[in-house]
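> next come a sequence and a model predicted from it.
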Amino acid sequence: MKLSKKINVYIISGFLGSGKTTLLNHLLKQFNEEKNVVIENEFGKINIDATLINGAFENVFELTNGCICCSINNQLLETLSRIVSLENQPDNLFIETTGIADAGEIAAHFTSLFIAKAFDLKKIITVVDAENLLFYKDSNVEVEKQIVAADCVVINKSTLVKTEIIENIKDFIQSINPYTTIVLSENGLLDRMDLATENSPKTFISDAIYKSKSIHKIKTLMYETEALFDIQNLKYELFRNLYLYYHQIYRIKGYVLNSKKEVFLVQTTGKTVEINPVENQKMTKSQLVFIGKELELKSIERLLKSSIIKKKKFQSV
Ligand SMILES: Nc1nc2c(ncn2[C@@H]2O[C@H](COP(=O)(O)OP(=O)(O)OP(=O)(O)O)[C@@H](O)[C@H]2O)c(=O)[nH]1
């Protein structure tokens, strides 16, 4: 290993659907004169986020066997050592965590002497979803942990809510992490200059309150099928079900094929549903990942039934 200088590390955390990938794509554009690598951590066997990173970006390391903060530390360490051994040494490493990861736990790795020799943890960026944060925070301890660990909290989707809500969110953030920088954002826009500021001397890595290993109550189910979808019906069913069950289904994402085998990207957060055609994405199957609490295969199957044109198959991950 021959390192001329350390690799800058930016950890991007934030609850499910808050806008981490969107923000990462903006940052990659701003850092495009430098050599960048990305670690994408996602649950399950398919990594939808890795496919959503700006088209031509090749240096993505995918960690898909669990949540980086609690179950795949070894895989993270192996990936870091692969990055250090790359012939073409990167300037920056961006780590996008799962929506429930404890950024403090991940950051703690970068304080170990061995890793700190090669990597310089610059910022923990936590993205919060202005529309859903106040709802999610009470039922998910992960939300607080992510804010507590942040050097910079990005309040994304900020134009979707009234100013009073933004003020409440800021108060909440400051009440649990008074040292963090807060940036308002829309569509994940974050100026890289906001990352150039000095961190407060008091950076929370692993707050004592949260010392015990978390057991995430959030479950992920993958739905995979060779059957084709009626896109209009699917949109209607997702709207209808999220209106009723948004407190249980936090996030749906994936790709579905319509009757002409055209590919559509499906993304839901809160009660918002987006289904958009995707060009240049070859898929032979539809794959949807459901993330939430008390999810059951049967309920999801029921949810999708009327939108499916042919037979399907479930797989739990
Ligand atoms: N209206 C609106 N939608 C946004 C904004 N930022 C992101 N989105 C949408 O929110 C959804 C989730 O965005 P992502 O960037 O994938 O969120 P994420 O945090 O990476 O999601 P996970 O990795 O699944 O936790 C996508 O449909 C985005 O297009 C925003 O500022 N306003």
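Alright, I've got the coordinates. Numbering: from 1, shown residues only.

> all strands of the stretch 1-150 of the chain, in order?
Here the stretch 1-150 of the chain has its strands, by DSSP state E, counting those that start in this stretch, at 7-14, 36-41, 60-63, 92-96, 119-129.

> tell me how many other residues surround the one residue in the stretch 51-200 of the chain that gets nearest to the ligand.
Proximity to the ligand, evaluated over the stretch 51-200 of the chain using Cβ to the nearest ligand atom, is greatest for G99 at 3.2 Å. All C-beta atoms are positioned from the backbone trio N, CA, C, and that covers glycine. Other residues within reach of G99 by the criterion other Cβ atoms under 10 Å amount to 30.

> pretty sure it is touching R251, no?
Yes - between G99 and R251 there is a contact at 6.7 Å, judged by Cβ atoms under 8 Å.

> would you mark the buried spots in stretch 166-175?
Within stretch 166-175, the residues that count as buried by 16 or more other Cβ atoms under 10 Å are I166, I169, F172, I173.

> what does the stretch 201-317 of the chain put close to the ligand?
R251, K253, Q267, T269, E274 (Cβ under 6 Å from any ligand atom).

> confidence-wise, which of the strands of the stretch 1-150 of the chain is weakest overall?
In terms of average pLDDT, strand 60-63 trails the rest of those, at a mean of 82.

> pull the CA atoms of that one into PDB?
Extracted in PDB, the C-alpha atoms of strand 60-63 (Å, rounded to 0.1, in the frame of the first residue of the first chain):
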ATOM      1  CA  VAL A  60     -19.400   1.800  -6.700                       C
ATOM      2  CA  PHE A  61     -18.700  -0.800  -4.100                       C
ATOM      3  CA  GLU A  62     -22.000  -2.500  -3.000                       C
ATOM      4  CA  LEU A  63     -22.500  -3.900   0.400                       C
END
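
> elements contacting it?
strand 36-41, helix 73-84 (3 or more Cβ pairs under 8 Å, 6 or more residues apart in numbering; DSSP states H and E).

> how about the ones you listed, which one is nearest E294?
Counting by Cβ to Cβ, E294 lies closest to strand 36-41 out of the helices and strands packed on strand 60-63; the figure is 23.5 Å.

> list the contacts of the host helix or strand of L257.
L257 belongs to strand 249-257 when assigned by DSSP states H and E. Strand 249-257 is contacted from outside by 15-17, 46, 48, 99, 136, 218, 223, 228-229, 231, 234, 238, 241-242, 263-269, 275, 278, 281, 283, 285-293, 295, using Cβ atoms under 8 Å, 6 or more residues apart in numbering.

> one more: stretch 151-170?
14, 18-19, 22-23, 123-131, 133-134, 147, 173, 177, 180-188, 190, 194-195, 199-200, 203.

> so which bits of that stretch are buried?
D151, C152, V153, V154, I155, N156, K157, S158, V161, I165, I166, I169.

> domain map for the chain?
7-210, 219-316 (automatic domain parsing).

> tell me how many other residues crowd the residue of the stretch 151-300 of the chain found nearest the ligand.
Using Cβ to the nearest ligand atom, the point where the stretch 151-300 of the chain gets nearest to the ligand is Q267, with a distance of 3.4 Å. By other Cβ under 10 Å, 17 other residues sit near Q267.
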